[in-house]
Every structure is written in C-alpha cells, then in structure tokens.
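Visitor: structure for this input, please:
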Amino acid sequence: MQVSYDEIRRIYRAEKNNPRLAEADEDFFDSLAEFVKQQKEQYLKSLKTLSTVKARDFANLKKMIEEIFSMREKKLLNLALVSNRTGDTVEDKMSTQEKKTFRELLLILKRHSSFLEDIFSVEQETTARDLELNRVSILDNVPSFVGADMKEYGPFEKGSVIEVPEKIASLLLARKLAQKAE
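Guide: This next block holds a predicted model:
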C-alpha cells in the first residue's frame, strides 16, 4: 500500500467519525513509517532554505498521525476489553502491529480476569455425588442466585423441570421451592 497525504486524511476522518476501526491495510504502519521518513527528509532539506510551508506541512502531518494513532489505540483497548468478556476475537481492519498489540492486550486482560476468578473460586473437595445432577420440579418462581460452587443458577419458573447438582437440589428441596421430579 502506498501512503499519501490523501490516504492519511481519509483514515483520520474515518477514525474521527466512526467508533469502529477504519479500514487499514496490514502493512499500514510500515508504509506510514516509510512515508514519514520521506517527508522528514524533505522537511530537513527545507530547513536549509528556511521554507515555512514545509515546516508547517510536516508539523500538521505529525499531529494528524499522532491523533490517528491515539484514536486507533483507544479502539484497540475497547476491542480487547469486549473480546475478553465475550470471547469473540475479531482482528479485522487491524495492521500487523495492531494485531500483535491486540493479542498481547488479550493475554494481559485474561491474566487479570483470572485474578477475579481466583477470588471467587471455591477450594473444597468435589465428590462424585456433588457432580451428580438431580432432576427437580420447581414449585414457585426462583430468582437467579449464586450457589456454593460460585456458579449462577436460575432464574427458574414455576412448573419447570431442571437438572442441578446435588447441593443445589438439596437447597431447593429444603426451602420447599422444588420437589423431586420423576
């Protein structure tokens, strides 16, 4: 891909006006680096002739690229956060460098999320009986709740027949919210 001022302006407008990543080739940042290198050489040559036009153009280019980078960076962070929660990993419209950063962000977020899971994990021996599922018939509406195994159960509607672990079934039976199902 050949980067130009027009292409940079297009991407800048697209990033500014859309919450999603704008379309960029995988080699976008490599091409951008080459373009900036050429523009920088012209800028440095213009300093010898004291050309203010080239200095201004180069300053504007730098500012626009920094803003594009910042906007895309924020969008990458948001995508990583959403992806970590949903498990959907979509790397469309990302450059090679952005894909690498995105994957590293996901690893960091997964490690961070595991900390929360560790806090709520239940450290108790699980017996085969605990894992056995029991069928019960729900006698009254039951809102969702977190069991001793730190998993969420429910909500359950009156009249429904469900299969739950032994401890959850015992709890529902003891509270007369369910009866053994056949």
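Visitor: the residue most distant from the middle of the chain, which is it?
Guide: Outermost residue of the chain with respect to the C-alpha centroid, by Cα atoms, centre = their mean, is Thr49; its distance is 49.2 Å.
Visitor: ok, now how distant is that residue from Phe58?
Guide: 14 Å (Cβ to Cβ, to the nearest Å). For every residue, glycine as well, the C-beta is placed using N, CA and C.
Visitor: one more: Ala148?
Guide: Applying Cβ to Cβ to Ala148 and Phe58 gives a distance of 65 Å.
Visitor: neighbour-wise, which of these two wins?
Guide: Taking other Cβ atoms under 10 Å, Ala148 and Phe58 do not tie; Phe58 has more neighbours (18 against 12).
Visitor: mind checking pLDDT for that one?
Guide: For Phe58, the model assigns a pLDDT of 90.
Visitor: please shift the residue numbers so they start at 40 in all later answers.
Guide: Yep, numbering from 40; the last one is Phe97 now.
Visitor: what is the burial count for the closest residue to it other than its chain neighbours?
Guide: Counting by Cβ to Cβ, 6 or more residues apart in numbering, Phe97 lies nearest to Tyr82, which is 4.0 Å off, once chain neighbours are set aside. Counted with other Cβ under 10 Å, the neighbours of Tyr82 add up to 19.
Visitor: got it, and the one 3 residues further on?
Guide: The local packing count at Ser85 equals 16, with neighbours defined by other Cβ under 10 Å.
Visitor: that one contacts Ala94, doesn't it?
Guide: Yes. Judged on Cβ atoms under 8 Å, Ser85 makes contact with Ala94 at a distance of 6.5 Å.
Visitor: okay then, goodbye and thanks.
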